[in-house]
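>>> Provided below for reference: sequence and predicted model.
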Amino acid sequence: MRTRNLALALTGALAIAGATIPAGLAQDAGPVRIAVNPWVGSSSNAAVVSYLLEEKLGIETELLALNEGIDWQGFETGEVDAILEVWGHEADRALFIDEKGVAQDAGPNGVIGTIGWYVPGWMARQYPDITDWESLNGYAELFRTSESGEKGQFLLGDPSYVSNDEALIRNLGLDFQLVTGGSEAALIESFKQATLQETPLLAYFYDPQWAWSQSPLLEDPLVKVNLPAYEAGCDADPELVACDYPLYTLYKAVSTTFAETGGPAYELISRFQWTNLDQSTVSGYIEVDGMSEEDAAAKWVEENPDTWTPWLPVG
C-alpha cells in the first residue's frame, strides 16, 4: 500500500524552520521511499512510478511529502531513496553527490522545465512593451496591492520553489515587492482570475503545468516577460543573479545505497523517462477531472503501454 510517511513530513517541516532531519530516523529495510514535492507534476511522476513498482513488480512504495532541498537531506539519513524531478539544485548536487557521495544522478526524466515571469495575455495586448523587463518600472503602479505597498507586486507561488526572483528584482533595479502566494493552486487561481477579470498580475510561472491546457489559459495564454538573456554561469552566485532562468533538463536523483541495492526498483526508476505532455496529462486527470493520484496513474498506464514498458527491468 502506498502511504505518506508522516514522521518524515514532520522532520521536513522542522528543517524548513532551521532544524535538520534527525539521524536517528535512518531507513531500515522496507519500501521504496519516493519524495513528492509540492506541485502536481511531482505528484504525477511519483504516482505513475509507484503504481508500476507495486502493480507490475510487486514492490511496496511510500510517497513522502517534502519540500525541495529538504528531500536531499534524506539521502544522507536513509529516509529518501529517490527524487523523480530535480530542477537544478547545483548546490545540493555538489554537496550530496560530489562531496559526500550519498546520492547519484539517475538520468533525465524526459521533461524539459521552463521557469519565468509572466503576465496575462490581455496585458501584453494592451501594453505591448510590458513584456520587456526594462519597461516594467513604468507600469509598477498598475501592479500595486495592499501587500506590496508603494511598489508593484511580483507574485511567487510556493516559497520552497526554485526562485531567483528576489535577487532579480534587486539587481535589475525594479520597483517591485515579492509577495508569496503560498501554493501552486493559489498561483494558478491568481492567473485565472487575472485573465478572466482583466486585473494586472506579474508572477512566477512554469512549464510543464496542466493549467496551460485548460480554460482560461488555453484560450488566452499567459505571455512571458523577456528578462536579460541567460548565459552559462550568470546565476552562479544566487545573490548576484540578473538574468533569466535557464531551460532545465529535469533529472532524477537517488541515494547511493538505493542505486547499489535497489535492484529492479532502481532499474525502473533509472529508466523512467516521459514527456511534458505525459506529465501534464496525468496532472490534468488529478486537477481537472478530480481523479485520485492512483486512479490517474492507472488510467495513464492503461493508455500508454508503449511508453512505460521499456522502463521495466530486463527479464
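Happy to help now that I have it.

>>> which stretches of the stretch 1-150 of the chain form helices?
Along the stretch 1-150 of the chain, the stretches classed as helices by DSSP state H, counting those that start in this stretch are 6-16, 40-57, 70-77, 90-92, 121-126.

>>> quick one: contacts for Trp300?
Applying C-beta atoms under 8 Å, 6 or more residues apart in numbering, we find Trp300 in contact with 48, 278, 281-282, 285. In short, each C-beta sits where N, CA and C put it, glycine included.

>>> now the helices of the stretch 1-150 of the chain as JSON lines including mean neighbour count, mean pLDDT and distance to Asp244?
Output for those, formatted as JSON lines (neighbours: other C-beta atoms under 10 Å; pLDDT from 0 to 100; distance: least, C-beta to C-beta, whole Å):
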{"stretch": "helix 6-16", "mean neighbour count": "16", "mean pLDDT": "39", "distance to Asp244": "27"}
{"stretch": "helix 40-57", "mean neighbour count": "23", "mean pLDDT": "97", "distance to Asp244": "21"}
{"stretch": "helix 70-77", "mean neighbour count": "24", "mean pLDDT": "96", "distance to Asp244": "25"}
{"stretch": "helix 90-92", "mean neighbour count": "13", "mean pLDDT": "92", "distance to Asp244": "17"}
{"stretch": "helix 121-126", "mean neighbour count": "17", "mean pLDDT": "98", "distance to Asp244": "17"}
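
>>> Can you add distance to Glu260 and give these back as CSV?
Below are those laid out as CSV (distance: least, C-beta to C-beta, whole Å):
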stretch, distance to Glu260
helix 6-16, 22
helix 40-57, 18
helix 70-77, 13
helix 90-92, 20
helix 121-126, 50
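
>>> The closest residue to Leu201 other than its chain neighbours sits in which helix or strand?
In this structure, Leu201 finds its nearest non-sequential neighbour in Ala194, 3.7 Å apart by C-beta to C-beta, 6 or more residues apart in numbering. Here Ala194 sits within helix 184-196, counting by DSSP states H and E.

>>> follow-up on the earlier one: ok, the residue nearest to Leu201 touching Leu202?
No. With contact taken as C-beta atoms under 8 Å, Ala194 and Leu202 are classed as non-touching, separated by 9.5 Å.

>>> dump the residue contacts of Pro31.
Per C-beta under 8 Å, 6+ apart, neighbours of Pro31: 59-62.

>>> repeat that with 7 Å
60-62 (C-beta atoms under 7 Å, 6 or more residues apart in numbering).

>>> now it: how far from Ala298?
19 Å (C-beta to C-beta, to the nearest Å).

>>> ok, now Gly74?
Applying C-beta to C-beta, the value for Gly74 to Ala298 is 27 Å.

>>> Many thanks, I have nothing further to ask.
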